[in-house]
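[1] sequence first, then the predicted structure:
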Amino acid sequence: MTPPETVPTAVVDLVRWRPEWAPSLASAVEASLAELAPYMPWATPTYGLADARTYIDGSIADWDAGTNWNYAIVTRAGEVVGSTGLMTRLGPGVLEIGYWLHTGHAGRGYATTVAQALATVGLAQPGIETVVIRHDAANVASGRVAEKAGFIRIGSVDVADGSGVEVRWERRGAARVPMIATDVVIEHPPTNPADGEEVVEVAVLPVAEAVAFLAPEDLIHADVLRLAAEMGLA
């Protein structure tokens, strides 16, 4: 995977972390401790410049290793106001989005914009089918961000260490959903309905070819079509 090193948005830019931003990172964390500490174990009163440098060094190493891709959230004025990233810790085919903002910049829609932008970037990566946001159930603001960014709430689970309840949200990439019919005459080009689905292709195939077309990615529909043919219904 090769996410871009800079992701521009309408209000902020997401930029791969740079060593010279360590003082700005330390200041942002210090100013936001009251909001970060309940949910971020690393956000402690002792967090300082050395911790910021360690985080940035680790982010650079992770990027180069292709395991995580962390970005500084940078305003149009060049101020570092938070951090976000794409993480691989949930396994193949999935990227997790994490984010936090400087308290002084909360309530401006930055977090929602960031989540939307990284979801788009994540789902554009080869082999990625789902992007996920997880947060403590008590962190209601983070849930609002996920919802506004177009994520669907999947559910909640007790955290293994007993520390609380974790909520999971997901966004998935476009999937090919075949519509199977027989004896169809297409008189007009396909149109895209208003419900958000997109008609990208119409293929009229003999049954055997249709089964072969579906089988690699959609065994269920392939089996339905095969069974219908055996019953003389297709």
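    In hand now; what should we look at?
[2] contacts, neighbours, all on C-alpha from now
    Noted.
[3] what about the helices in the chain?
    For the chain, applying DSSP state H gives helices covering 22-31, 33-36, 49-65, 110-123, 140-148, 207-214, 219-230.
[4] okay if I get these as TSV plus mean pLDDT, mean neighbour count and distance to residue 15?
    Output for those, formatted as TSV (pLDDT from 0 to 100; neighbours: other C-alpha atoms under 10 Å; distance: least, C-alpha to C-alpha, whole Å):
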stretch	mean pLDDT	mean neighbour count	distance to residue 15
helix 22-31	97	19	13
helix 33-36	95	16	21
helix 49-65	97	16	12
helix 110-123	95	22	11
helix 140-148	93	17	20
helix 207-214	68	15	40
helix 219-230	66	15	41
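[5] tabulate those (JSON lines), appending distance to residue 130.
    Listed next are the helices of the chain as JSON lines, based on distance: least, C-alpha to C-alpha, whole Å:
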{"stretch": "helix 22-31", "distance to residue 130": "29"}
{"stretch": "helix 33-36", "distance to residue 130": "26"}
{"stretch": "helix 49-65", "distance to residue 130": "20"}
{"stretch": "helix 110-123", "distance to residue 130": "7"}
{"stretch": "helix 140-148", "distance to residue 130": "14"}
{"stretch": "helix 207-214", "distance to residue 130": "21"}
{"stretch": "helix 219-230", "distance to residue 130": "20"}
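[6] residue 159 contacts residue 168, correct?
    No: if you go by C-alpha atoms under 8 Å, residue 159 and residue 168 don't touch, sitting 11.7 Å apart.
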